[in-house]
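Trainee: predicted structure and sequence below. I'll ask about it afterward.
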Amino acid sequence: MKNYKLIIQYVGSDYSGWQIQKNSASIQAKITDAIEILLKERVNLIGSGRTDSGVHAIGQVANFRTENEIDIYRFKYSLNSVLPGDIVIKEMEEVDPEFHSRFDAKKRTYLYLITQTKSPFYKNYSYFYPRIVNLQLLDNLSTLFLGENNFTSFSKKNTDIENKICTVYKLFWRRKNELILFSVQADRFLHGMVRTIVGTLLNAQSQNEPEAFIKKIFNSQNREDAFESVPAKGLFLYKVEY
């Protein structure tokens, strides 16, 4: 049995997310269908993690196993020819038969883009936020999220995941011309976690005691105490490390 690893980029705007769902288009379904057309066999495409509806990816990782011996260069070319234009296989390689793109992942990095200038070139890939942004304050507040914490307050309710403990390794904010970038790296992410963190940090700027405000949200373990999530269109799965 051969095991093949894919590095995937996609625009998530027209999809219900990574995971296959009934009666809606997903990234996983589109790629699985394309692989099965080429191989003429059923495959199980395993992703490194789920991205939500409307979220994009620069470096999603997936793998599938097959009895077929694949010419990687030709297969990748054919796969990209079958796939829609908003999904691209950037890299493909044969890996160890035991490799599992989800369970073997050690770190995942997400980026969130904010713009303070209206532009038709940014509107589908960033959140327009015209208010004042204090990057130094945001960087300081972001340190409260480092390390191992319970992120119940920052994840969607009614999920089937009981373990809400995540370890965050890095967070930072940067300004690049008209864009503001937020980056976060962790061992795992919960449903809606990154967008809720961004929304809460942005709103924490206006609080009288922002550090105490965020600590209170952590301690409450109640999603209703955190702020509204920012839009999905500004979020990118940037990299998965093994």
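Mentor: That came through fine.
Trainee: what's the domain layout of the chain?
Mentor: Here the domain assignment for the chain is 2-95, 107-241, based on automatic domain parsing.
Trainee: want to try a markdown table for these, with distance to residue 101 as columns?
Mentor: Every C-beta, even on glycine, is put in place using the N, C-alpha and C of the backbone. What follows is these, written out as a markdown table (distance: least, CB to CB, whole Å):
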| stretch | distance to residue 101 |
| --- | --- |
| domain 2-95 | 5 |
| domain 107-241 | 8 |
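Trainee: could those go into JSON lines alongside mean pLDDT and mean neighbour count?
Mentor: As requested, the domains of the chain are exported to JSON lines (pLDDT from 0 to 100; neighbours: other CB atoms under 10 Å):
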{"stretch": "domain 2-95", "mean pLDDT": "96", "mean neighbour count": "17"}
{"stretch": "domain 107-241", "mean pLDDT": "94", "mean neighbour count": "17"}
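Trainee: my guess is residue 194 contacts residue 109, does it?
Mentor: No. Applying CB atoms under 8 Å as the test, residue 194 and residue 109 come out as separate, 10.2 Å apart.
Trainee: between these two, what contacts are shared?
Mentor: Taking CB atoms under 8 Å, 6 or more residues apart in numbering as the criterion, residue 194 and residue 109 both touch residue 184.
Trainee: quick check on residue 190: phi, psi?
Mentor: The phi and psi values for residue 190, taken as degrees, to the nearest 10, are phi -90, psi 170.
Trainee: what does residue 139 give?
Mentor: Dihedral pair for residue 139: phi -60, psi -40, per degrees, to the nearest 10.
Trainee: with the one 4 residues further on instead?
Mentor: Note on residue 143: its backbone torsions stand at phi -60, psi -20 [degrees, to the nearest 10].
Trainee: ok, it touching residue 173?
Mentor: No. Counting by CB under 8 Å, residue 143 sits too far from residue 173 to count as a contact (11.4 Å).
Trainee: all strands of the protein, in order?
Mentor: 2-10, 46-47, 56-66, 87-95, 107-115, 127-128, 147-150, 165-176, 179-186, 235-241 (DSSP state E).
Trainee: and the last one, how far out from the chain middle?
Mentor: Using CA atoms, centre = their mean, to the nearest Å, we find the averaged C-alpha position of strand 235-241 to lie 6 Å away from the chain's own average C-alpha position.
Trainee: again with the first one
Mentor: On the basis of CA atoms, centre = their mean, the separation between the geometric centre of strand 2-10 and that of its chain is 16 Å.
Trainee: note down every partner strand of that strand and its orientation.
Mentor: Counting by DSSP bridges, the strands paired with strand 2-10 are strand 56-66 (antiparallel), strand 87-95 (antiparallel).
Trainee: what sits up against the last one?
Mentor: Applying CB under 8 Å, 6+ apart, the external contacts of strand 87-95 come out as 2-11, 27, 30-31, 59, 63, 70, 72, 75-76, 79-80, 83.
Trainee: just the CA coordinates of that strand, formatted as PDB?
Mentor: Taking Å, rounded to 0.1, in the frame of the first residue of the first chain, the C-alpha atoms of strand 87-95 are listed here in PDB:
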ATOM      1  CA  ILE A  87      -8.200  24.400  -5.300                       C
ATOM      2  CA  VAL A  88      -4.600  23.700  -6.200                       C
ATOM      3  CA  ILE A  89      -2.300  20.800  -5.300                       C
ATOM      4  CA  LYS A  90       1.000  22.600  -4.700                       C
ATOM      5  CA  GLU A  91       3.200  19.600  -3.700                       C
ATOM      6  CA  MET A  92       2.800  15.800  -3.700                       C
ATOM      7  CA  GLU A  93       5.200  13.100  -2.400                       C
ATOM      8  CA  GLU A  94       5.200   9.500  -1.300                       C
ATOM      9  CA  VAL A  95       5.600   9.200   2.400                       C
END
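Trainee: having no further points to raise, I will conclude here.
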